[in-house]
Each structure stands twice: as structure tokens, then as C-alpha cells.
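Visitor: no FASTA, just this:
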């Protein structure tokens, strides 16, 4: 935080963890979860809504009989509640089965709005979810220009983006944070540059949103995508699409759904119950806000959903940076490890990938597991950035990722496991 940032309340980890049933599960006792970038624990608010929906509301929604009507109300609540936290309009929220699927649909919906020979910029820092579908458009007459990472640091350079931009560019696609590099890209600055050329700014937030849902309007992103199963929710992909952008897209649903805002970017509707359960993520954010800040603002009036989201985002980020600092410092100070991405906790998300130089990756992960650290290794679908950085994709990197419910004692447990892994 900068010196003029507001003072944050003390972060209550015990309260936070009380909202996640996994921490009361006997089979998980003693295990420290450091593979959150692959999927987080689900909060109680989501689990309760999912269970109740499947128990008494698992009918076709929006019909006039009571169970169906209530099912529709529950689904509508998810659009409303998540739009509020993300600071977008309710009809700018779209659910799909995954971010990869959502991106594929977007590529097909946007292609008819572009002419042959038009250009798009796609970074090679992306997880494949926000790269593959765009790159396939080269087979359909679109020119793909690549925004490349620095081979040493894995960071994207804004000066290089300026060189790539021109009047034929229709879109810039890049991650808010890479799922291996971790560097937090300056989305608002990229959006401003893209918009100078009337190009869309499409942001893969899959590896950033788990650390606090962003204010999408403040970022200036035209399209923002993330995975709800990595943000304490059900296995859905969520994307926000500015209304003016969506209105130009080609309908991807049944022909009779043309003009139906919720359906046009959803070729086959995802699970009704999971949509209904998704509101639990917003309700959890509200619970964290209420516990740490109360219900009223400084003026005594209620706090908007967007402001609640911003406050909780900052609360999570501050806690995570404090825990990230000792892990990065420990790795940075070793000569027998290559840290992927920056070592400064102020500019990266707590997703930390590294390559041991003197120990087999598989053996290192095995030792971590022996010490009850849940972690893994591989390329994590980040084939392009790892390849650009000269990292051997097999066995890949060791990746350690955590979110706001991680504790100091779990960081200590991880560091002890790492010491054993490097000395073994």
C-alpha cells in the first residue's frame, strides 16, 4: 500500500476460515493447501446454496409454479449480486461452464465483427484459456500479433505494446496476472492504450480474481474473465462484457435467442444450480466486510456493493502480501533456485513458481507432500510463457499458490518443508 492508503482493520483469519467447511474436515487436518491456483476451497455460502437448490429447487426455472419461480429468483440474485461487487451492470454478467469455453465463444462471437486482415494482439504470458481460441482466428483471416514476455523476468513491457498497436488492431488480450509469472499487469494502463486505437481490452483474470474480485469498471476492461471455482465458488466461468460490445457480437445461442442478453453468449446453458450458488461468493464478501467494517460507511449510510468489494479486495491483498514476502525472500536469497517472475510481493499475486537447479522437481514435490503441503508441478497450461523463458516443460515448475484464508503458521509449515526439500 502507498503511504496515503487508508489504515485497514486487523485481518481476522479465524473468522475467514470459519466460512470454509474444508477447514473443519478431519481428512484435511494438518494439511496446508498451496495449490489454490488450480481451484480454491468453496465457501459455506456457496455450498449451502448449492445444496438447498439441488434439494428443493432443482426444477426448470422461471415457470409460474412456486419452486420454479423461486429457482429463477435465486439465479437472478447471482447476476445482481456479482454485478454489484464487480461494479458492472447486471446484464453485463455471463456464466459459462469454464473460462476456456467462454473465450472460445467470445472468439466466435467477435470474429464476424472484424474484417479479413484485421489484427489482434495476444500475449504469450497467457494461460492457454485466454490464448488458444484467439490464436486460432489466424485460420479465419485475422492477423495475430504477439506481445512477448521478457525471457528473463517473464514480465510484459508496455513499450513493446505501443510498438504493436496500430489502426488495424481490434483487440488486446492479456492476463491480469499470469498463473506462473504472477506479475500483476497494469490493466488500466493497457486499456487506455488499447482504447486510443478503438481496440477492445480483454483481460484474463483467472489468476488474479482469487485474490479479491476487481472493480472491472475502474480497470477499464471491455471484457473480464475468471473462474468461479478459483474464487471460492462453483465450477463456472464468469465473464463481464460491456453492453455496447455485447450488442455488436454475433449470437452464439439458438437463433430464437438472438437479442436475449443472457443467452446470446451461452450456446448451452450451464447448471442452473451452480448459477444460483454463485451468489454465495458475493454473500461471503459481504460477510467479510460486515465482520471487519460493519454495515455503514463514514457518513452512516449503507456501503455500496462495489465499495464493499473494493474494501475486501484491499483487505485480502494486504494480508496476502504480508504472507508472500517471507516466501519470496527465502527463494530469492538462494543460489540453487530459479524464481519465475518478480521477487517483489508488491507487484505480484501469491502464485509462486520456481525451478530447483540442483534437485529433481518430482523429488522436491514429493518431499513437500511428505510434510503435508498440498502442491504440484508441471506446466499448468502456461506452456507459452514457460517456453519463452526457457523452462523445461517436463517436469515444469514447482508451483505454490495461496489465497486470503492461508495463515502465517501455514507459511511457516511451507518454509520448513522447503528447507527439507532443498536439503534432501
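Guide: On my side now, so go ahead. Just so you know, these numbers come straight off a predicted model, no measurement behind them.
Visitor: Test my guess that residue 348 contacts residue 340.
Guide: No. Shown here, residue 348 and residue 340 do not form a contact pair, counting by Cβ atoms under 8 Å, at 10.2 Å. Any C-beta I mention is one placed from the backbone N, CA and C, and that applies to glycine too.
Visitor: Identify the contacts common to those two.
Guide: Here residue 348 and residue 340 have 181-182 as joint contacts, going by Cβ atoms under 8 Å, 6 or more residues apart in numbering.
Visitor: higher neighbour count, those two?
Guide: The residue with more neighbours, out of residue 348 and residue 340, is residue 340; 26 against 21, by other Cβ atoms under 10 Å.
Visitor: My guess is that one contacts residue 382. True?
Guide: No. At 9.2 Å, residue 340 does not count as touching residue 382 under the criterion of Cβ under 8 Å.
Visitor: list residues touching both of those two?
Guide: Common neighbours of residue 340 and residue 382 (criterion: Cβ under 8 Å, 6+ apart): 180-181.
Visitor: mind checking the SS state of residue 76?
Guide: helix (DSSP: H, G, I helix; E, B strand; the rest coil).
Visitor: mind checking how far it is from residue 56?
Guide: 17 Å (Cβ to Cβ, to the nearest Å).
Visitor: These two: which is more packed in?
Guide: Using other Cβ under 10 Å, the more surrounded residue of residue 76 and residue 56 is residue 76, with 17 against 11.
Visitor: I'd guess residue 291 is in a helix, am I close?
Guide: Yes. Judged by three-state DSSP, residue 291 forms part of a helix.
Visitor: Could you measure from it over to residue 308?
Guide: Separation of residue 291 from residue 308 (Cβ to Cβ): 12 Å.
Visitor: same deal with residue 59?
Guide: According to Cβ to Cβ, residue 59 and residue 308 sit 32 Å apart.
Visitor: Show the contacting residues for residue 319.
Guide: So residue 319 contacts 11, 13, 404 (Cβ under 8 Å, 6+ apart).
Visitor: how does it look with 10 Å?
Guide: By Cβ atoms under 10 Å, 6 or more residues apart in numbering, residue 319 lies in contact with 8, 10-13, 16, 211-212, 350, 403-408.
Visitor: just residue 403 next, same as before
Guide: Neighbouring residues of residue 403 by Cβ under 10 Å, 6+ apart: 16, 33, 36-37, 40-41, 210-212, 230-232, 316, 319-320, 349-351.
Visitor: do the same with residue 280
Guide: Neighbouring residues of residue 280 by Cβ under 10 Å, 6+ apart: 19, 42-50, 77-78, 81, 228, 232-234, 287.
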